[in-house]
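Novice: I'd like to go over a predicted model; first the sequence, then the structure.
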Amino acid sequence: MSPTAQLLAINSSGVVKLWNIPSGDIWQLPFNTDGERSFENLIAFFPDGKQLIAQVDDRLRIWNLESNQEIEVEEASGLTVDLFPSQLRFSPNGYFLVWDGTTNFTLWNYSGNVVGKFESAVNINHIEMTPDGLYLIAFTADEQVQAWKMPSPQ
């Protein structure tokens, strides 16, 4: 759901669709994709609501909703997905993007640079960030809670 609650985004089998809730219109984003490797929950609006990020194939792809264009992100940016991630999240200050694999997390800034990596000894079921953006909280498969201090925005 977009921050304005006007758009709902769905990522299914590498096809990203947007639903304009007030009008009922649905449209598909024209990402160039082979549809091979996509995960339905890997989609998120940027906190300002002007961009959308989704996993399509093995990359995190960014779409500018105002210009209706994909934002080209260089392959070397670190936005390539090697594992089978399960969640995308922005910190409350809108600066960091997080995804987790089975036991690890990677933090990126808006430029696509990796700014932190975290690892858990057990599988992670869910991640959240504290409202102040200071901590990353993980809920583990063995019903424990782990917390890591987030790096400061640069």
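Specialist: All right, it came through fine. Numbers count the residues shown, from 1 in each chain.
Novice: any idea which helix or strand in the protein has the lowest mean pLDDT?
Specialist: strand 97-100 (a mean of 64; mean pLDDT, DSSP states H and E).
Novice: quick one: contacts for the closest residue to residue 119 other than its chain neighbours?
Specialist: Nearest-residue entry for residue 119: residue 104, 4.7 Å, with adjacent residues in sequence omitted and distances by CB to CB, 6 or more residues apart in numbering. For every residue, glycine as well, the C-beta is placed using N, CA and C. Residues in contact with residue 104 (CB atoms under 8 Å, 6 or more residues apart in numbering) are 83, 117-120.
Novice: look at residue 104 and report its pLDDT.
Specialist: Listed pLDDT for residue 104 reads 75.
Novice: can you tell me how far the residue lying farthest from the centre of the chain sits from residue 6?
Specialist: Outermost residue of the chain with respect to the C-alpha centroid, by CA atoms, centre = their mean, is residue 23; its distance is 26.0 Å. Here residue 23 is placed at a distance of 9 Å from residue 6 (CB to CB, to the nearest Å).
Novice: mind checking how far the residue sitting nearest the centre point of the chain is from residue 52?
Specialist: In the chain, the C-alpha closest to the average C-alpha coordinate belongs to residue 88, at a distance of 2.9 Å (CA atoms, centre = their mean). Applying CB to CB, one obtains 10 Å for the distance of residue 88 from residue 52.
Novice: report the set of residues contacting both of these two.
Specialist: Contact with both residue 88 and residue 52 is made by residues 43-44, according to CB under 8 Å, 6+ apart.
Novice: how about residue 141, nearest residue that isn't a chain neighbour?
Specialist: Nearest non-adjacent residue to residue 141, counting by CB to CB, 6+ apart: residue 123, 4.1 Å away.
Novice: isn't that neighbour right up against residue 138?
Specialist: No. Proximity of residue 123 to residue 138 does not meet the contact threshold set by CB atoms under 8 Å, at 9.8 Å.
Novice: and these two? Which one has more around it.
Specialist: In terms of neighbours (other CB atoms under 10 Å), residue 138 is the more surrounded of residue 123 and residue 138; the figures are 21 against 13.
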